[in-house]
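Student: Just to be clear, the model below is a prediction. Sequence and coordinates:
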Amino acid sequence: MRRAGRAAAATLDAVAALIRPGLTTAEIDAFVRADTAARGGRPSQLGYHGFPAAVCTSRNHVGCHGIPRADEWLAPGDIVNVDVTTELDGFHGDTSRTFFVGEPDADARRVVEAARACLRAGLAVVRDGVRLGAIGRAVAAEARRHGCAVVPDIAGHGIGRHMHQPPDVLHVPAGRGPRLRAGMAITIEPLVTLGDPTLDLLPDGWTLVTRDGAWSAQFEHTVLVTRTGCEVLTRSGASG
Ligand code: MG
């Protein structure tokens, strides 16, 4: 799990260095395929329930699961989430960040900083013995502090030999839930919007966009629950 997490984080670090106006999301996809392979891994998303790409690229009002395209160029002022999952020797590491393309305006900066803070708030409550529901309460409270809303339909998940496995990790209050136990691996990945947190599915069957067109941002880490807290397995700066 540590090796898979480090590889995914290192690929995402390399993507970060590429982001610029004029880049297409298909170029991000091609880069992720090659970089993941160079680290000895396989993009977990490629072919997952038929997903046609190696990575999700979700721009501006696209909440998540955006499909990279050759005719989608990053423009100055955009924000784009890149979600990388790497399978390495049978284990998966899953991580995403939302990047600024050029100079963001105040709203773009606000939603991105809110999403980053929401992930941090979720990570802060994780440790052995804590109820899963504590994560959702902490994340939703942090979003409110930023004047933003968490999209309730997008959850983190258990992760290990499968990219997605139980339990669902909700980012909104939803009861107490089971206790986290040391040795469990989960993702936390709050999707935060400036507007109404209702998403619509596009006809491609994957892309989820905000119904009101408000911009959204998301950050994700894969973490190992420990007795005293958690170990972030997809920390930036890892050398894959
Ligand atoms: Mg995930």
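Tutor: Sure, I can see it. Please read these numbers as outputs of a predicted model, since none were measured by experiment.
Student: near the ion, which residues of the chain?
Tutor: 94, 187 (C-beta under 5 Å from the ion). Quick note: C-beta positions are derived from backbone N, CA and C, even for glycine.
Student: ok, which stretches of the chain are helices?
Tutor: Shown for the chain, the helices assigned by DSSP state H span residues 2-18, 25-38, 106-125, 133-145.
Student: As CSV, these with mean neighbour count would be great.
Tutor: Formatted as CSV, these follow (neighbours: other C-beta atoms under 10 Å):
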stretch, mean neighbour count
helix 2-18, 22
helix 25-38, 20
helix 106-125, 20
helix 133-145, 21
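Student: now these in TSV, with mean pLDDT?
Tutor: Output for those, formatted as TSV (pLDDT from 0 to 100):
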stretch	mean pLDDT
helix 2-18	98
helix 25-38	98
helix 106-125	98
helix 133-145	98
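Student: Switch the ones you listed over to JSON lines; also include distance to residue 194.
Tutor: Converted to JSON lines, the helices of the chain look like this (distance: least, C-beta to C-beta, whole Å):
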{"stretch": "helix 2-18", "distance to residue 194": "23"}
{"stretch": "helix 25-38", "distance to residue 194": "22"}
{"stretch": "helix 106-125", "distance to residue 194": "5"}
{"stretch": "helix 133-145", "distance to residue 194": "11"}
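Student: And for the nearest residue to residue 183 once chain neighbours are set aside, the neighbour number?
Tutor: Counting by C-beta to C-beta, 6 or more residues apart in numbering, the nearest residue to residue 183 once its immediate chain neighbours are dropped is residue 225, at 6.7 Å. Residues lying near residue 225 (other C-beta atoms under 10 Å) number 20.
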